[in-house]
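Student: structure, please.
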Amino acid sequence: MGFLQGRLALVTGASRGIGAAVARRFAAEGAHVIAVARTQGALEELDDAVRAAGGAATLVPLDLRAFDAIDHMGAALNERFHKLDVVAACAGVLGSLSPMGHIDPKLWSEVFDVNVTANYRLIRSLDPLLRRSDGGRAIFVTCSAGRELAPFWGAYGASKAALEALVRIYAAEVARTAIRVNLVDPGPVGTRLRAEAFPGEDRAMLKTPEDVTGIFVQLATAGCPHHGKVLNA
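Tutor: Take a look at the predicted model:
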């Protein structure tokens with residue numbers, strides 16, 4: 001019996017990196033995982049791994065920038081499951097590291113679409129389902145770039161600052177319900193996003209995505225007391 005036995009958990013960014021590791025760990029802990037990502041092939045590989053370990057998954061190929069599709073997903077989940085216990089929003093993009101005035105407007109929009117607006121749309125679509133759980137949990141992935149505000153991290157840093165504000169406001173709004181909402185700062189992890197930001201870095205010195213899944217399990221349990229916090233992995 002795992003810590004998430006019988007829980008229904010949706011994970012975005014589930015095709016690779018932290019999202020894929022969290023999806024596998026949730027399944028290993030007994031959750032039925034709803035895995036959301038753009039890449040069908042990678043989702044199928046995740047499904048094979050989950051099933052080989054005795055777990056269960058529902059695959060949702062979806063580009064989070066297709067905002068109306070997030071609403072359709074919420075409606076479909078309501079029809080099939082009638083509730084949702086956990087949302088782990090792990091999808092994110094870096095954009096580019098450059099002076100603020102050099103950031104391409106389309107790239108800026110993409111970063112905010114994925115890192116901020118998609119998460120607002122997830123909240124909007126899935127909050128009613130979380131309220132039907134006896135212990136709804138929402139977990140969002142942030143980064144110190146949203147607080148340290150270093151030069152050249154304009155789009156990514158601003159998007160993470162906006163995400164933290166968004167999530168903390170949502171946490172305040174649901175404080176008197178059974179929902180608990182938190183952010184996880186995983187720190188330096190050997191993901192593709194990290195490699196894009198630090199291409200010469202020795203990945204052997206970094207944590208793996210699997211190394212940071214423990215905090216996600218803790219925050220996804222029905223008995224977790226944390227709320228409105230940024231927690232380090």
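
Student: every contact and neighbour count from this point should use C-alpha atoms.
Tutor: Fine.

Student: can you map out the strands along the protein?
Tutor: Shown for the chain, the strands assigned by DSSP state E span residues 8-12, 32-37, 56-61, 86-89, 137-141, 180-185, 230-232.

Student: show me where this structure has its helices.
Tutor: Applying DSSP state H to the chain gives helices spanning 17-28, 40-52, 67-80, 105-112, 118-131, 145-148, 154-173, 192-197, 213-220.

Student: who's in contact with stretch 131-142?
Tutor: Stretch 131-142 is contacted by residues 82-91, 130, 160, 163-164, 167, 177-186, 216, 219-223 when judged by C-alpha atoms under 8 Å, 6 or more residues apart in numbering.

Student: and it, how far from the chain's centre?
Tutor: 11 Å (C-alpha atoms, centre = their mean, to the nearest Å).

Student: likewise stretch 124-140?
Tutor: The mean C-alpha position of stretch 124-140 is separated from the chain mean by 14 Å, C-alpha atoms, centre = their mean.

Student: only the buried residues of that stretch, if you could.
Tutor: Buried residues in stretch 124-140, defined by neighbour count with 16 or more other C-alpha atoms under 10 Å: 125-127, 129-131, 133, 135-140.

Student: farthest pair in the residues you listed?
Tutor: Farthest apart among the buried residues of stretch 124-140 by C-alpha to C-alpha are 133 and 140. That separation is 18.3 Å.

Student: so what's the residue lying closest to residue 10 once chain neighbours are set aside up against?
Tutor: Once flanking residues are discounted, residue 10 sits nearest to residue 34: 4.4 Å by C-alpha to C-alpha, 6 or more residues apart in numbering. For residue 34, the contacting residues are 8, 9, 10, 11, 57, 58, 59, 60, by C-alpha under 8 Å, 6+ apart.

Student: make a markdown table from the helices of the chain and add distance to residue 228 and mean pLDDT to it.
Tutor: Formatted as a markdown table, these follow (distance: least, C-alpha to C-alpha, whole Å; pLDDT from 0 to 100):
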| stretch | distance to residue 228 | mean pLDDT |
| --- | --- | --- |
| helix 17-28 | 20 | 97 |
| helix 40-52 | 30 | 94 |
| helix 67-80 | 23 | 98 |
| helix 105-112 | 21 | 98 |
| helix 118-131 | 15 | 98 |
| helix 145-148 | 16 | 97 |
| helix 154-173 | 5 | 98 |
| helix 192-197 | 25 | 96 |
| helix 213-220 | 11 | 98 |
